[in-house]
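Participant: Output the structure for:
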Amino acid sequence: MIGDTITVQIIDNGKGIPEEKLSRIFDPFFTTHEVGHGTGLGLTVSNDIITSRGGSIDVESQVGTGTTFTIRLPVKG
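Facilitator: This is a model prediction of the structure:
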């Protein structure tokens, strides 16, 4: 925690997200999974919850290396 913000990073070493898909990952119903596997709402709902509380979620990804999600939330006393 730095100041009035808490930061959480979720990092994986998976296959990564292609750059052309990164701009859409928070769009409702967008999914990289096959039809019938996943609804494409998980990141949309997560983003909505985080931003509704004054926070932010950022993503960095490199194909073949993995993905990092950085979540920042304000700490309210």
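Participant: From now on I want contacts and neighbour counts done on CA atoms only, so please keep to that.
Facilitator: Fine.
Participant: Okay, strands next: where are they in this protein?
Facilitator: For the chain, the strands defined by DSSP state E cover 5-12, 56-62, 66-74.
Participant: Any regions of this structure where pLDDT drops low?
Facilitator: 1-2, 77 (pLDDT under 70).
Participant: So Gly66 versus Ile17, what's the distance?
Facilitator: According to CA to CA, to the nearest Å, Gly66 and Ile17 sit 8 Å apart.
Participant: between those two, which one's more packed in?
Facilitator: Ile17 (19 against 15; other CA atoms under 10 Å).
Participant: I figured the more buried one was touching Thr67, is that so?
Facilitator: Yes - the criterion here is CA atoms under 8 Å, and Ile17 meets it with Thr67 at 7.1 Å.
Participant: intersection of neighbour lists for these two?
Facilitator: In terms of CA atoms under 8 Å, 6 or more residues apart in numbering, Ile17 and Thr67 are both contacted by the residues Ser61.
Participant: Please consider this matter closed, and thank you.
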